[in-house]
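**Student:** sequence below, structure please.
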Amino acid sequence: MAENRRLAVHRLRINLALARRHSAADYPPAIWQGRVRAGRLAISGRHEDFPSVLSIALDTIWAHKFSMPAAAEQLGITSSQLVKLLRLEKAALAAVNRERETRGDAPLR
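**Tutor:** Model (predicted):
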C-alpha cells in the first residue's frame, strides 16, 4: 500500500510540473544546481526530486520561448542534456514539441 501511495504522489507531482509554469528569473535554484555536475544533469525519472527538476526545466524552456540552447545555457547544461531530461517524461517532451510546432520550430527527438 505504501508503494502505491508513493507512486501516486510521484505521478501527481509530475502532473503538476507539466501543468504549472512559474517565472524562471531566479533560475536555476539550489535543487537544480545540486543535480548538475560538470555540465551534466544527474537524475533518474524515478527519483523523488525528478518532478521538481522537470518543472524547473520546463519553466526555463517556456521563459526562453522554446530556444533549447538559451534554456540550457541558463541551466548550466547542454541542449542535449535538456532534451534527455524531457525524454524521461514523454508527456513533457510532447508538450514542448506541441509548443515548438505552433512556433514553426522542428520537434525535438
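
**Student:** check which residues of the helix ranked longest in the chain are buried.
**Tutor:** Longest helix in the chain by number of residues (criterion: DSSP state H): helix 2-19. For helix 2-19, the buried set under the neighbour-count rule, 16 or more other Cβ atoms under 10 Å, comprises 10, 13-14, 17-18. To be clear about C-beta, it is placed using only N, CA and C from the backbone, and glycine gets the same treatment.

**Student:** contacting residues around it?
**Tutor:** Under the criterion Cβ atoms under 8 Å, 6 or more residues apart in numbering, residues 46, 48, 50-52, 54-55, 58, 89, 91-92, 95 lie in contact with helix 2-19.

**Student:** now it - C-alpha only, CSV.
**Tutor:** Extracted as CSV, the C-alpha positions of helix 2-19 are listed here (Å, rounded to 0.1, in the frame of the first residue of the first chain):
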residue,chain,number,x,y,z
ALA,A,2,2.8,2.4,0.9
GLU,A,3,4.5,1.8,-2.5
ASN,A,4,1.2,2.6,-4.3
ARG,A,5,0.8,5.8,-2.4
ARG,A,6,4.4,6.8,-3.1
LEU,A,7,3.9,6.2,-6.9
ALA,A,8,0.6,8.1,-6.8
VAL,A,9,2.2,11.1,-5.2
HIS,A,10,5.1,11.0,-7.6
ARG,A,11,2.7,10.9,-10.6
LEU,A,12,0.7,13.8,-9.1
ARG,A,13,3.9,15.9,-8.7
ILE,A,14,4.8,15.1,-12.3
ASN,A,15,1.4,16.2,-13.5
LEU,A,16,1.7,19.5,-11.5
ALA,A,17,5.2,20.0,-13.1
LEU,A,18,3.6,19.6,-16.5
ALA,A,19,0.6,21.9,-15.8
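
**Student:** no further queries at this time; thank you.
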